[in-house]
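In: Below is the sequence, then the predicted model.
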Amino acid sequence: MCRSHGCDQTTREGKPFCPDHVEEHPYVREILSTLQRREEEEESVRCRGSRAVDPGGLTARELVLHLSLHGARTVERLSRELQLDPKVLEGYVSALVTQGLVSLGRTNRGSTVVRLTDESQVLDLSSLDECA
Ligand SMILES: [Zn+2]
């Protein structure tokens, strides 16, 4: 039986909630609230710029992880790969520059390149290939 208050639907495979109330599961709630915080943060970065960035937040950490996995990227490419609005991305990048985590460069064609300041943070994925 579904644990949601007042719901009498039976659940399958011993699950605590029926499909209508799956969002009441603590694990699901946690994910939903993380995603919602992320959305709210990106929205305020869009309006207020880098001041609204939480450097320890999901998006900032994802950006750093992305750079450590894939190396330096132009802002255009980062915006595409991380599916962030260019204006929002700009806020995150400038917050991370202030933190000293990333540095900016420029390509011959005038695009801004973002790279990790400490290149030793770049993960060496070539060692992983040996396991394949
Ligand atoms: Zn239910």
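Out: Looks like it arrived, so ask away. Numbering: from 1, shown residues only.
In: pLDDT value on the residue nearest the centre of the chain, please?
Out: The residue lying closest to the centre of the chain (Cα atoms, centre = their mean) is residue 59, at 3.2 Å. At residue 59 the predicted local confidence, pLDDT, stands at 94.
In: wait, doesn't it sit right on residue 41?
Out: Yes. Contact criterion Cβ atoms under 8 Å: residue 59 and residue 41 qualify, at 6.5 Å. Where C-beta positions appear, they are placed from N, C-alpha and C, glycine not excepted.
In: okay, and the common contacts of those two?
Out: With contacts taken as Cβ atoms under 8 Å, 6 or more residues apart in numbering, residue 59 and residue 41 have residue 53 as neighbours in common.
In: Now the lengthiest helix in the chain: buried residues?
Out: Looking across the chain with DSSP state H, the single longest helix is helix 26-48. Within helix 26-48, the residues that count as buried by 16 or more other Cβ atoms under 10 Å are 41, 42, 44, 45.
In: mind listing the strands for this structure?
Out: 73-74, 102-106, 112-116 (DSSP state E).
In: Check which helices and strands the last one sits against.
Out: Counting by 3 or more Cβ pairs under 8 Å, 6 or more residues apart in numbering; DSSP states H and E, the packing neighbours recorded for strand 112-116 are helix 58-70, strand 73-74, helix 75-81, strand 102-106.
In: Please identify the pairing partners of it and their relative orientation?
Out: strand 73-74 (antiparallel), strand 102-106 (antiparallel) (DSSP bridges).
In: contact partners of it?
Out: So strand 112-116 is in contact with 64, 67-68, 71-75, 78, 93, 101-107, 122, going by Cβ under 8 Å, 6+ apart.
In: now with 7 Å?
Out: Residues outside strand 112-116 that contact it (Cβ atoms under 7 Å, 6 or more residues apart in numbering) are 67-68, 72-75, 78, 93, 101-107, 122.
In: repeat for the first one
Out: Outside of strand 73-74, the residues that reach it under the criterion Cβ under 7 Å, 6+ apart are 67, 107, 111, 112, 113, 114.
In: The fourth one and residue 99, how far apart?
Out: With the distance defined as Cβ to Cβ, to the nearest Å, residue 112 ends up 17 Å from residue 99.
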